[in-house]
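1. The following block contains a protein sequence and its predicted model.
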Amino acid sequence: CIPDRTNLCSNRILAAIPPDHHVDSSDNTLLSLETLSLGGYLSFHDNYHAAKDFGNTYHFLPLAVLHPKSVSDISSTIKYIFEMGSGSDLTVAARGHAHSLQGQAQAHQGIVINMESLEEPEMQVYTGELPYADVSGGHLWIDILHETLRHGLAPKSWTDYLYLTVGGTLSYAGISGQAFKHGPQIDNVYQLEVVTGKGEVVTCSENQNADLFHGVLGGLGQFGIITRARISLEPAPKMVKWIRVLYSDFSLFSKDQEYLLSSQNSFDYIEGFVMINRTGLLNNWRSSFNPKDPHQASQFSSDGRTLYCLEIAKYFYQGDHTDIINQKTERLLSELSYIPSTLFLSEVSYVEFLDRVHVSEKKLRAKGLWEVPHPWLNLFVPKSKIIKFNEEVFGNILTDATSGPILIYPVNTSKWSNKTSLVTPDEDIIYLVAFLSSAVPSSTGKDGLQHILNRNQKILDYCATNPLGIKQYLPHYSTREEWKAHFGPKWQAFLQRKSAYDPLAILAPGQRIFKKAK
Ligand code: FAD
């Protein structure tokens, strides 16, 4: 297998796809695919939606889209392609909610599997001492939230945005402000059902087919398609005290974040973000947060400064006394060094808290600003290098307001499983730094795609030339050497798993790690 570089430039733009593309009827492969006996169906025409994702810059048109009804639809399709051997160059990409950034859920001239149409298993919630939910790989987290809440339960670990599928987030990690406490979503799964690149349906867990289980979690879709997952649950909070405070000094900000990470009875959610040269910042918060001291807050001016916002939340449960929660929260806050006038609080239901990004999505959609290119860059920075990283990146490279949030928060990876395929820097505490930019289509200015891509590259170049030991999260590379460096000591195991579970490199071609052997 060699890295697939051929798709890199030629197919990036949708306009490059012939608008009247149709399947060549002489293509025996496809004709024979049509003879497969499926509960769902394959569609061969008008599949342009399958050549789109949230990143909105990479567009690879597939030959067909499979809308599976059952696991056996997925398994027989893959088995069929596997049995054709190297005589066919068909590949298969599972497509969850297609919130990938660079075509990772696409398959150039291959088959895309629309995981959201998978109708089994029906979601089931099991109560008891160790409650869990059995869900399909194509279920959205928002639907899992609503279903589990009916039983007073909920998953422990989340992403900031819930319109993502189980298979999609488990192929990376699934990280949000709860990950410091519970680990990422991949550490909160008891069992998976997976269809391998040979078409075999395998159940796996810590105790059964453990190598496949660990490989698939964080495995970028390389070893199998997740068709079912058993997700660990906990009693669901009722309400959330949601707090934001500001810092102008990064070292105080990160010191407080790290303190909260390790303190007993800390908050239930810890994140943070950077704001560069924003005006009227606190005013914008007023629609959802209340200042603790309105007079002092009105005196605060954010103009022209780089500020760091600590975002924290305390959950409360049925039967909790508000006074006690308030006392605990105040005690924790009294130990922090934020700018006192910038304490803003809010109390919302658990659903409102978890589904907060959807509120922004609706606003952006209304302005036509959701379906724009998203040149995102996500990095894991080791704690020992975060001060240096902050100085260079927020002091020199990024000096102007950005279009989109920049998240920055630490997690304690010493509690995370190191058996999964996820790669993180080799330190106990690492920071997730996420540059979540939106580009204005056809702009050639600072908010244009090329400008943002250049800026991302500057950040990556800085990290490479002053070796900081960073790793990309949601990694995107185009050469074998880069992937090898990314995986470091985990590369050999990754290769071995690929040859064991997907020896013909049929799965997830959009990650561009392996190219199907011919
Ligand atoms: P897709 O884009 O459909 O697929 C992603 C990859 O997984 C592809 O390679 C695909 O082939 C493979 N895949 C999909 N389904 C399966 C399956 N069933 N089995 C095997 N492989 C499969 N991530 C975080 O960790 N934390 C966040 O807070 C967070 N917030 C986000 C907010 C937004 C608005 C967006 C757009 C993304 C965010 N992400 C976050 C990133 C997100 O977790 C990943 O992009 C994830 O892959 C999206 O899920 P999806 O269902 O859209 O996957």
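-> Received, thanks. Residues are numbered from 1 along each chain as shown.

2. which SS state does Ser478 fall under?
-> Secondary structure assignment for Ser478 (DSSP: H, G, I helix; E, B strand; the rest coil): coil.

3. what do you get for Lys314?
-> What three-state DSSP gives for Lys314 is strand.

4. what pairs with it across the strands?
-> Per DSSP bridges, residues listed as beta-bridge partners of Lys314: Lys241.

5. Could I get the contacting residues of it?
-> Contacts for Lys314 (Cβ atoms under 8 Å, 6 or more residues apart in numbering) come out as Val240, Lys241, Ile243, Phe267, Asp268, Ile325, Lys328, Thr329, Leu332. In this view, the C-beta of every residue, glycine as well, is placed from N, C-alpha and C.

6. Show me the one in those that has more neighbours than the rest.
-> Within those, most neighbours by other Cβ atoms under 10 Å means Phe267, with 25 neighbours.

7. Next up, the contacts around the nearest residue to it once chain neighbours are set aside.
-> Distances taken as Cβ to Cβ, 6 or more residues apart in numbering place Ile312 nearest to Phe267, at 4.2 Å, with adjacent residues excluded. For Ile312, the contacting residues are Gly177, Trp242, Ile243, Arg244, Leu260, Phe267, Tyr269, Ile270, Glu271, by Cβ under 8 Å, 6+ apart.

8. how many other residues sit next to the second one?
-> So the one you mean is Trp242. For Trp242, the count of nearby residues is 20 (other Cβ under 10 Å).

9. Test my guess that Tyr269 contacts Ala313.
-> Yes. Counting by Cβ atoms under 8 Å, Tyr269 sits close enough to Ala313 to count as a contact (3.9 Å).

10. Overlap in contacts, these two.
-> With Cβ under 8 Å, 6+ apart as the test, Tyr269 and Ala313 both reach Gly177, Val240.

11. Which of the contacts of Lys314 fall within helices?
-> Secondary structure assignment (DSSP state H) places Ile325, Lys328, Thr329, Leu332 from those within helices.

12. Spell out which helix or strand contains the residue nearest to Leu38 when sequence neighbours are not counted, please.
-> Using Cβ to Cβ, 6+ apart and skipping the chain neighbours, the partner closest in space to Leu38 is Asp73 (4.8 Å). Assigned by DSSP states H and E, Asp73 falls within helix 71-84.

13. Any part of that helix near the ligand?
-> No. On the criterion Cβ under 6 Å from any ligand atom, helix 71-84 is out of touch with the ligand, staying 9.1 Å away.

14. sorry, back to before: including pLDDT and distance to the ligand, could the contacts of Lys314 go into JSON lines?
-> Listed next are these as JSON lines, based on pLDDT from 0 to 100; distance: Cβ to the nearest ligand atom, whole Å:
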{"residue": "Val240", "pLDDT": "97", "distance to the ligand": "16"}
{"residue": "Lys241", "pLDDT": "96", "distance to the ligand": "21"}
{"residue": "Ile243", "pLDDT": "97", "distance to the ligand": "19"}
{"residue": "Phe267", "pLDDT": "96", "distance to the ligand": "17"}
{"residue": "Asp268", "pLDDT": "97", "distance to the ligand": "16"}
{"residue": "Ile325", "pLDDT": "90", "distance to the ligand": "25"}
{"residue": "Lys328", "pLDDT": "91", "distance to the ligand": "26"}
{"residue": "Thr329", "pLDDT": "94", "distance to the ligand": "24"}
{"residue": "Leu332", "pLDDT": "95", "distance to the ligand": "23"}
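
15. so which of the contacts of Ile312 comes closest to Leu436?
-> Closest to Leu436 out of those is Glu271 (12.4 Å), distances taken as Cβ to Cβ.

16. Using the three-state scheme, assign the closest one.
-> The three-state assignment at Glu271 reads strand, by three-state DSSP.

17. packing partners for the helix or strand Val433 falls within?
-> Applying DSSP H and E as the criterion places Val433 in strand 429-435. Using 3 or more Cβ pairs under 8 Å, 6 or more residues apart in numbering; DSSP states H and E, the elements in contact with strand 429-435 are helix 250-262, strand 377-382, helix 386-392, strand 406-412.

18. And the second one, how far out from the chain middle?
-> From the chain centre to the centre of strand 377-382 is a distance of 13 Å (Cα atoms, centre = their mean, to the nearest Å).

19. Kindly report the same for the third one.
-> The chain centre lies 24 Å from the centre of helix 386-392; the measure is Cα atoms, centre = their mean.

20. Hmm, Tyr308 is touching Ile276, no?
-> No. Contact between Tyr308 and Ile276 fails when scored by Cβ under 8 Å: they sit 10.3 Å apart.

21. picking up where we left off before, toward the C-terminus from the helix holding Asp73, list the very next helix or strand.
-> Sequence order places strand 92-95 as the next helix or strand after helix 71-84, per DSSP H and E.

22. Nearest residue to Asp268 in space, please, no chain neighbours.
-> Nearest residue to Asp268 in three dimensions, chain neighbours excluded: Tyr315, at 4.4 Å (Cβ to Cβ, 6+ apart).

23. which residues does that neighbour contact?
-> Counting by Cβ under 8 Å, 6+ apart, Tyr315 touches Pro237, Met239, Val240, Asp268, Tyr269, Tyr350.

24. Would you mind listing the two of these that lie farthest apart?
-> Distances among the contacts of Tyr315 were taken as Cβ to Cβ; the most separated pair is Met239 and Tyr269, at 13.1 Å.

25. more neighbours, the two?
-> Shown here are Met239 and Tyr269; by other Cβ under 10 Å, Tyr269 has more neighbours (23 against 19).

26. rewinding a little: does the ligand sit close to the strand holding Val433?
-> No. Using Cβ under 6 Å from any ligand atom, strand 429-435 stays clear of the ligand, with a minimum separation of 7.8 Å.

27. The next helix or strand after that strand: how far from the chain's middle?
-> Remark: after strand 429-435, the chain's next helix or strand is helix 449-465, criterion DSSP H and E. Its chain's C-alpha centre and that of helix 449-465 lie 21 Å apart, by Cα atoms, centre = their mean.

28. Buried residues, helix 449-465. List them.
-> Neighbour-count burial for helix 449-465, counted by 16 or more other Cβ atoms under 10 Å, picks out Leu449, His451, Ile452, Leu453, Arg455, Asn456, Ile459, Tyr462, Cys463.

29. Touching it from outside, list them.
-> Contacts of helix 449-465 (Cβ under 8 Å, 6+ apart): 57, 373, 375, 377, 379, 389, 392-393, 397-398, 403, 435, 437, 439, 441, 443-445, 470.

30. what are the ranges of the strands in the stretch 51-200 of the chain?
-> 64-67, 92-95, 111-114, 124-126, 132-136, 153-155, 189-196 (DSSP state E, counting those that start in this stretch).

31. number of nearby residues for Ile186?
-> Neighbours of Ile186 using other Cβ under 10 Å come to 24.

32. ok, back up a step: let me see the mean pLDDT of the helix holding Asp73.
-> Throughout helix 71-84, pLDDT has a mean value of 96.

33. Stretch 396-411 now?
-> Rounded mean pLDDT across stretch 396-411 is 90.

34. Just the buried positions in it, please.
-> For stretch 396-411, a neighbour-count test (16+ other Cβ under 10 Å) marks Leu398, Thr402, Ser403, Gly404, Pro405, Ile406, Leu407, Ile408, Tyr409, Pro410, Val411 as buried.

35. Was I right to think Leu281 contacts Leu307?
-> Yes. If you go by Cβ under 8 Å, Leu281 and Leu307 touch, sitting 7.1 Å apart.

36. quick one: common contacting residues for those two?
-> Common neighbours of Leu281 and Leu307, using Cβ under 8 Å, 6+ apart, are Leu246, Met275.

37. Which one's more surrounded, these two?
-> Between Leu281 and Leu307, counting by other Cβ under 10 Å, Leu307 is the more crowded of the two (20 against 17).

38. circling back: CSV for the helices and strands packed on strand 429-435, including distance to the ligand?
-> CSV is the format used below for the helices and strands packed on strand 429-435 (distance: least, Cβ to the nearest ligand atom, whole Å):
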stretch, distance to the ligand
helix 250-262, 17
strand 377-382, 8
helix 386-392, 19
strand 406-412, 8
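
39. now the ones you listed in JSON lines, with distance to Lys515?
-> Output for the helices and strands packed on strand 429-435, formatted as JSON lines (distance: least, Cβ to Cβ, whole Å):
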{"stretch": "helix 250-262", "distance to Lys515": "41"}
{"stretch": "strand 377-382", "distance to Lys515": "25"}
{"stretch": "helix 386-392", "distance to Lys515": "34"}
{"stretch": "strand 406-412", "distance to Lys515": "33"}
